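Asker: Have a look at this prediction, sequence included:
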Amino acid sequence: MASLTLDKVRKAFGPVEVLKEINLAIEDGEFLVLVGPSGCGKSTLLNLIAGLESSTDGEIRIGDRVINDVHPKDRNIAMVFQSYALYPNMTVRKNITFGLEIRGVSAQERDKAVADVAKLLQIEPLLDRKPSQLSGGQRQRVAMGRALVRDPDIFLFDEPLSNLDAKLRVDMRTEIKKLHQRLGSTIVYVTHDQIEAMTLASRIAVMKDGILQQFDTPQNIYERPNNMFVAGFIGSPS
Ligand code: ADP
Ligand code: MG
């Protein structure tokens, strides 16, 4: 677990500036939800934190450690995507433990890790199945299991529930909330579902065109939106 700081972070793709001086201080154990319209730079921001893209300017820190030049594998950050990105030819068990295996974790430790995570996510009966034998919700649980076994400092979620139907989305939202309460992990969670944002977040960051419009508690965002955009996107209608 760790705090996460973005200090004047910018990202340009060629001449196009996608993120413009982003400042965010996310506390240890915080559940930050990042919202904003499609194309505003949410995934790019997560990719910078994960190290899948490098920032054009500014500093990213986990705790006191500057991680701009740290290889993604050495950042101890786990990312869960909208598409589950499971290995189709591996069993659920193997999907969850594969990352540990290539890192040299012993079979005994891997068995224990997968047992713990499977119990937590209630996927014990699924461990010997292949991804093709799972429903969408089950696949997303496995993807979460794969992130959880790594015991990361920070979890990044990029619209993890948007492929699921409405009922399952609500169930999974509740599960994710419980998991966070139980584990106390630091989470950055991207969604364009306002209700998801309001129910999950300790704080919400609202972004538009690569600029942070407001970074505040759900209550303050709702009751005291900074501007018309925030009010229209997530705030109260008044
Ligand atoms: P969001 O996740 O909020 O929908 P993205 O972060 O995916 O937005 O994209 C923000 C902007 O950056 C979009 O205009 C997108 O086209 C552009 N973009 C994202 N990745 C790249 C890339 N690798 N090269 C060029 N432009 C990109
Ligand atoms: Mg995106």
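Answerer: That came in fine, so what should we check first? From a predicted model like this one, the values you see are computed outputs, not experimental measurements. Ligands and ions are numbered 1, 2, ... in the order given.

Asker: Residues of this structure that sit close to ligand 2?
Answerer: 42-43 (CB under 5 Å from the ion). Using the backbone N, CA and C atoms, a C-beta is placed for each residue, glycine as well.

Asker: Ramachandran coordinates for whatever residue of the chain ends up closest to ligand 2?
Answerer: The nearest approach of the chain to ligand 2 comes at Ser43, 3.2 Å away (CB to the ion). Per-residue torsions, Ser43: phi -60, psi -40 (degrees, to the nearest 10).

Asker: Over to Ala12. Which of the three states is it?
Answerer: Three-state assignment for Ala12 (DSSP: H, G, I helix; E, B strand; the rest coil): strand.

Asker: if we can go back for a sec, my read: the residue of the chain closest to ligand 2 touches Val190, true?
Answerer: Yes: under the criterion of CB atoms under 8 Å, Ser43 makes contact with Val190 at 6.9 Å.

Asker: intersection of neighbour lists for the two?
Answerer: Asp158 (CB atoms under 8 Å, 6 or more residues apart in numbering).

Asker: Alpha carbons only: can I get stretch 71-78 in CSV?
Answerer: Below are the C-alpha coordinates for stretch 71-78, written out as CSV (Å, rounded to 0.1, in the frame of the first residue of the first chain):
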residue,chain,number,x,y,z
HIS,A,71,10.3,-0.1,-15.3
PRO,A,72,6.6,-1.1,-15.1
LYS,A,73,7.5,-4.5,-13.7
ASP,A,74,9.3,-2.8,-10.8
ARG,A,75,6.4,-0.4,-9.9
ASN,A,76,4.3,-3.0,-8.0
ILE,A,77,1.2,-1.7,-9.6
ALA,A,78,-1.6,-3.9,-10.8
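
Asker: and the lowest-mean-pLDDT helix or strand in the chain, what other elements does it pack with?
Answerer: Ranked by mean pLDDT, DSSP states H and E, the helix or strand of the chain with the weakest confidence is helix 166-183, at a mean of 88. The contact analysis (3 or more CB pairs under 8 Å, 6 or more residues apart in numbering; DSSP states H and E) places helix 166-183 against helix 107-121, helix 136-148, helix 194-200.

Asker: Go through those helices and pick out the most buried.
Answerer: Here the criterion is mean neighbour count by mean count of other CB atoms under 10 Å, and of those the winner is helix 136-148, at a mean of 23.

Asker: quick one: strands adjacent to the helix or strand following it?
Answerer: Tracing the chain past helix 136-148, the next element assigned as helix or strand by DSSP states H and E is strand 154-158. When pairing is defined by DSSP bridges, strand 154-158 lines up against strand 77-80 (parallel), strand 186-190 (parallel).

Asker: Mean pLDDT, distance to Leu34 and mean neighbour count for the ones you listed - can I get that in JSON lines?
Answerer: Below are those laid out as JSON lines (pLDDT from 0 to 100; distance: least, CB to CB, whole Å; neighbours: other CB atoms under 10 Å):
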{"stretch": "strand 77-80", "mean pLDDT": "92", "distance to Leu34": "13", "mean neighbour count": "23"}
{"stretch": "strand 186-190", "mean pLDDT": "97", "distance to Leu34": "5", "mean neighbour count": "24"}
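
Asker: Need those strands in CSV (columns: distance to Met198).
Answerer: Below are the strands paired with strand 154-158 laid out as CSV (distance: least, CB to CB, whole Å):
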stretch, distance to Met198
strand 77-80, 20
strand 186-190, 12
